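[1] This is the structure alone, sequence omitted:
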């Protein structure tokens, strides 16, 4: 789980860099950088959903909050994945309803910030870890060109998650 926690924002950073490279010629779409970047973003969203399940499992004492948060995160990630598939495969012409397309990303962020916040509340994470995740995603909603910065911020906020919440216990190290 530790590697997933770092890999998800690292893949998002790769997407941001690929998006920047793709735009160097003045347009974006249908080139190697576009395809590589969107594939990286697809994988990042899958890994964020897996991380959300792991975070929810750790919040055993707060299941009334964790279960809806993980459901929101997975639903939001699925919305992202649907749109990414449409971007990668132009023949996949099944757009999400506008309400779902707009609500999905917000639910993803709210769910992840809630799950990270539960760990912060339990003193397993510093307060700034969920804050970094939130600020990173808000930055991308303001301007998608901020994606590399946002991903680096989310990556920085993920380090305490990998080192603390998902760090192996002494017993796991002995096995």
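    Sure thing, it's come through. Remember, it's a predicted structure, so these values are computed and weren't measured experimentally.
[2] who touches residue 79 in this structure?
    Applying Cβ atoms under 8 Å, 6 or more residues apart in numbering to residue 79 gives the contacts 96, 100, 101, 103, 104, 105, 107, 108. To be clear about C-beta, it is placed using only N, CA and C from the backbone, and glycine gets the same treatment.
[3] same thing but 10 Å
    Neighbour list for residue 79: 45, 96, 100, 101, 102, 103, 104, 105, 106, 107, 108 [criterion: Cβ atoms under 10 Å, 6 or more residues apart in numbering].
[4] Quick check: buried residues in stretch 74-92?
    The neighbour-count check on stretch 74-92 (16 or more other Cβ atoms under 10 Å) flags 74, 75, 76, 77, 78, 79, 80, 81, 82, 83, 84, 87 as buried.
[5] Just to be sure, which of the residues you listed are found in strands?
    Judged by DSSP state E, strands contain none of those.
[6] Just give me the closest of those to residue 149.
    Nearest to residue 149, judged by Cβ to Cβ, of those is residue 80 at 19.1 Å.
[7] okay, now residue 94: neighbour count?
    7 (other Cβ atoms under 10 Å).
[8] helices and strands around the helix or strand hosting residue 51, which ones?
    Residue 51 is part of helix 32-58 when elements are defined by DSSP states H and E. Identification of packing neighbours for helix 32-58 by 3 or more Cβ pairs under 10 Å, 6 or more residues apart in numbering; DSSP states H and E yields helix 2-22, helix 63-88, helix 98-121, helix 147-160.
[9] just to revisit the earlier point, buried ones among the contacts of residue 79?
    With burial judged by 16+ other Cβ under 10 Å, the buried subset of these is 45, 103, 104, 105, 107, 108.
[10] ok, now which ones touch the closest residue to residue 108 other than its chain neighbours?
    Nearest non-adjacent residue to residue 108, counting by Cβ to Cβ, 6 or more residues apart in numbering: residue 76, 2.5 Å away. Shown in contact with residue 76 (Cβ under 10 Å, 6+ apart): 45, 48-49, 52, 100, 103-112.
[11] now the buried ones among the contacts of residue 79 as TSV including distance to residue 138 and pLDDT?
    Converted to TSV, those look like this (distance: Cβ to Cβ, whole Å; pLDDT from 0 to 100):
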residue	distance to residue 138	pLDDT
45	17	98
103	16	97
104	16	97
105	11	96
107	14	98
108	12	98
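[12] nearest to residue 145, of the contacts of residue 76?
    Distance ranking of the contacts of residue 76 against residue 145, using Cβ to Cβ, places residue 105 first at 16.9 Å.
[13] Since that was my last question, I'll sign off now.
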